[in-house]
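Undergrad: coords below, sequence missing:
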């Protein structure tokens, strides 16, 4: 099983994840902590502008920690982030994750986050993604963040339905 190992590595990188209690390899089951809270998807649109940007920036720092430690989440959406009653963001569902430091995989990971904002939080997508990138750059550095942003633009140009190529 791969997911429990990635969850453990993410925790070591300083990204809150559920605690794993048991892994049953024969039954392919992972017994883990239930994280009390709401999906960021459920609350982001209802926050004040200041809180929304603060939360988005914080999410960016957590993504930066993952990427800096060679962890690609694989399904970065606001559905896979739980905001606890204490204001902590917990990343969940590492089922599509992988170990990589490639610019391409980091770009794809963040591109999915951008698309999640555009589809679910369309009124705030631009400002939220910019705040994510700010937090991300704090962790990985300005130059590396710039490289990933350029890779995202390249990925977007590959898309099927883009207005500018």
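TA: Here it is on my side, so go on. What you are looking at is a predicted structure, and each value in this text was computed from that prediction instead of being measured.
Undergrad: Using the three-state scheme, assign the residue of the chain positioned farthest from its centre.
TA: Outermost residue of the chain with respect to the C-alpha centroid, by CA atoms, centre = their mean, is residue 26; its distance is 29.9 Å. Secondary structure, DSSP: H, G, I helix; E, B strand; the rest coil: residue 26 is coil.
Undergrad: Find the nearest non-adjacent residue to residue 99, please.
TA: Of all residues not flanking residue 99 in the chain, residue 70 sits nearest, at 5.3 Å (CB to CB, 6 or more residues apart in numbering). Bear in mind the C-beta positions are built from the backbone N, C-alpha and C, glycine included.
Undergrad: what's near enough to touch that neighbour?
TA: Neighbouring residues of residue 70 by CB atoms under 8 Å, 6 or more residues apart in numbering: 99, 100, 101.
Undergrad: Need the residue closest to the centroid of the chain.
TA: Note: the chain centre (CA atoms, centre = their mean) maps to residue 76, 4.0 Å.
Undergrad: ok, back up a step: taking the contacts of residue 70 one by one, which sit in helices?
TA: Using DSSP state H, no member of the contacts of residue 70 falls in helices.
Undergrad: so which of these is the most crowded?
TA: residue 100 (16 neighbours; other CB atoms under 10 Å).
Undergrad: could you pull out the helices for this structure?
TA: 3-12, 40-43, 49-68, 103-120, 125-140, 142-158.
Undergrad: on that earlier part again, how much space separates the residue nearest to the centre of the chain from residue 159?
TA: Distance, residue 76 to residue 159, by CB to CB, to the nearest Å: 17 Å.
Undergrad: Give me the below-cutoff pLDDT ranges for the chain.
TA: Applying pLDDT under 70 to the chain flags the ranges 1, 160-165.
Undergrad: let's go with 90 and repeat that
TA: Applying pLDDT under 90 to the chain flags the ranges 1-2, 25, 27-28, 158-165.
Undergrad: rewinding a little: ok, so of the contacts of residue 70, who is nearest residue 142?
TA: Using CB to CB, the shortest approach to residue 142 within these belongs to residue 101, at 18.0 Å.
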